[in-house]
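Asker: 3D model of this:
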Amino acid sequence: MLPILEPQKGRILLSEPLLNDDYFNRSVVLLAEKTEQGSLIFYSCNS
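Answerer: Sure, this is the predicted structure:
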């Protein structure tokens, strides 16, 4: 079983290749900043 990682500045999230989701299908998300007020992300989707 994989460990659960907490959101952290600099983390990159990759969608599963066969993810059947209209919003996150074939996407990459970079968590650029995380504070109590919110998060700043950069999102790229190849649809």
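Asker: which residues of the chain fall in strands?
Answerer: Using DSSP state E, the strands of the chain run over 12-14, 27-35, 38-45.
Asker: So which of those is nearest residue 20?
Answerer: Among those, the nearest to residue 20 by C-beta to C-beta is strand 27-35 (13.0 Å). (Glycine included, C-beta is placed from N, CA and C.)
Asker: Which pLDDT value goes with residue 16?
Answerer: pLDDT recorded at residue 16 is 76.
Asker: Residue 47 now?
Answerer: On the pLDDT scale, residue 47 is placed at 61.
Asker: next one: residue 39
Answerer: 90.
Asker: Verify the contact between it and residue 30 for me.
Answerer: No: the pair residue 39 / residue 30 is not scored as a contact, 10.7 Å apart, by C-beta atoms under 8 Å.
Asker: Flag every buried residue along the helix-or-strand element of the chain with minimal mean pLDDT.
Answerer: None of the helices or strands of the chain scores lower by mean pLDDT, DSSP states H and E than strand 12-14, at a mean of 83. Of the residues in strand 12-14, none is buried by neighbour count under the rule 16 or more other C-beta atoms under 10 Å.
Asker: For residue 21, what are phi and psi?
Answerer: Per-residue torsions, residue 21: phi -140, psi 130 (degrees, to the nearest 10).
Asker: what's near enough to touch it?
Answerer: residue 15 (C-beta atoms under 8 Å, 6 or more residues apart in numbering).
Asker: can you check residue 6 too?
Answerer: So residue 6 contacts nothing (C-beta under 8 Å, 6+ apart).
Asker: Quick one, grab the pLDDT at it.
Answerer: At residue 6, the model reports a pLDDT of 81.
Asker: Setting aside sequence neighbours, what's the nearest residue to residue 40?
Answerer: Using C-beta to C-beta, 6 or more residues apart in numbering and skipping the chain neighbours, the partner closest in space to residue 40 is residue 33 (4.0 Å).
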